[in-house]
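Colleague: Starting from these lines, generate the structure:
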Amino acid sequence: MVRRLLVLLSATALVLGVAVPVHAARSEVYVALGDSAASGPLVPNQVVPDLGCWRSDRNYAHLTAQAIGAATFRDVTCSGAKTRDMYNSQGTDLGSVAPQLDALSSDTTLVTVQIGANDVGLTGFIEDCLNLLPPPVGDACNDDYVVDGQDSWRVKTDALRPKLTTLVNDIRARSPRARIFVVGYATYAPPNGCYPTVPIIKADANYIRATLQYFNRMLAEQAAAAGVAFVDLQTPSVGHDPCKAPGVRWIEPYVPASPAAPFHPNGLGMRNFATVVTAAVSGAL
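Modeller: Numbers count the residues shown, from 1 in each chain. Below is the predicted model of the structure:
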C-alpha cells in the first residue's frame, strides 16, 4: 500500500512538475556536525541562535536537508570547532555553545561530520604562508614545518587518527540507527599556486596542496577503518580553488569577493558541496 502511494505521488509530481524529495519516505532525522568549513561563516544568511558559530542557512547541510526532505534537521556546526568540541562546550566570540554530540539522539538516522582541520591548525597554516613579497625578499614557509627531519603537519595529522575513530564510535553509540558520513575538505591550492593573485609562492602552494591531500587521505582511511562513508570534496572542487575568478571559485581567497570568510567556501561552493553530499547520502540507501 505504501509503495503504491509513493508511486502515485511520484507520478502526480511529475505531471505537475513538482520535485519529490529524495528521501521523503524515510523521515530522515539529520544532524550536521563540524567546523567552519561546514558552517559557512559570512555566507548569507547567518542564523540564530549561536551567532558566534557563524552558521549559514545556506551551508551544504541546510541545502542537503532540503534536498532529501529531512523530517527533522539539527545543524550544530560551529566555526572554530575541534574534535574536543564534539564532547565539551565550545566558547565563541558571542558566548558558549553546547557540545555538538548533544544534538544526537537515538532516533537520528543521518549524520554528517566535517572536523579535524582546526585540531591541526590548517587554516592558520595557510595564512602563515601568505607572502606579499616573493623570494629573494620574501621567505618560503614550507621548510619551517620540518622538525627533526619530520613534517610537523603530517605528525599532527597522524596523531588525529585515533580521535576520529573514537568520535565515529561515539556517534554510533548515541545514534545506532544513523548512517554516518565523514566529509573531507576542498581544494585550497592548484598546482604551483597563482602568485600574486593569491600571494603564496609556488613552493608553498605545492606544500599546502600536498598537506591537504594527505589530510583528506587520512580522513578517508579513518572513515573506512570505522566502517562509515567518506564524502570527497577535494576532487569535485578541482578547478574551483581560490585562484579562480569570482563566479568560478568555490573557496574565497584571503581577500574575499563574495560573502565568506577567507579560505572558506562561498555560497556557490556550498551549493556545489550540497550536490555532492546529497548524492552521497542518497546513494547509500
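Colleague: what about residue 59, how many neighbours?
Modeller: Using other Cβ atoms under 10 Å, residue 59 has 29 neighbouring residues. (Each C-beta comes from the backbone N, C-alpha and C, glycine too.)
Colleague: ok, now which ones touch it?
Modeller: 32, 38, 39, 40, 43, 75, 77, 265, 270 (Cβ atoms under 8 Å, 6 or more residues apart in numbering).
Colleague: Without its sequence neighbours, what residue ends up closest to it?
Modeller: residue 40 (3.6 Å; Cβ to Cβ, 6 or more residues apart in numbering).
Colleague: Can you give me the distance of the one you found to residue 75?
Modeller: Distance of residue 40 to residue 75, given as Cβ to Cβ, to the nearest Å: 10 Å.
Colleague: who touches both of those two?
Modeller: 55, 59.
Colleague: more neighbours, those two?
Modeller: Taking other Cβ under 10 Å, residue 40 and residue 75 do not tie; residue 40 has more neighbours (34 against 25).
Colleague: so which helix or strand takes in residue 269?
Modeller: helix 267-283 (DSSP states H and E).
Colleague: Could you pull up the mean pLDDT of that helix?
Modeller: Mean pLDDT, helix 267-283: 97.
Colleague: got the buried residues for that helix?
Modeller: Neighbour counts over helix 267-283 (16 or more other Cβ atoms under 10 Å) mark 267, 268, 269, 270, 272, 273, 274, 276, 277, 278, 280, 281 as buried.
Colleague: just to revisit the earlier point, adding distance to residue 97 and secondary structure, write the contacts of residue 59 out as CSV.
Modeller: CSV is the format used below for the contacts of residue 59 (distance: Cβ to Cβ, whole Å; DSSP: H, G, I helix; E, B strand; the rest coil):
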residue, distance to residue 97, secondary structure
32, 14, strand
38, 14, helix
39, 11, helix
40, 16, coil
43, 19, coil
75, 12, strand
77, 10, coil
265, 21, strand
270, 21, helix
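Colleague: So which elements touch the longest helix belonging to the chain?
Modeller: Secondary structure of the chain read by DSSP state H shows that its longest helix is helix 202-226. Secondary-structure packing of helix 202-226 (3 or more Cβ pairs under 8 Å, 6 or more residues apart in numbering; DSSP states H and E): helix 122-128, helix 152-159, helix 161-174, strand 179-183, strand 229-231.
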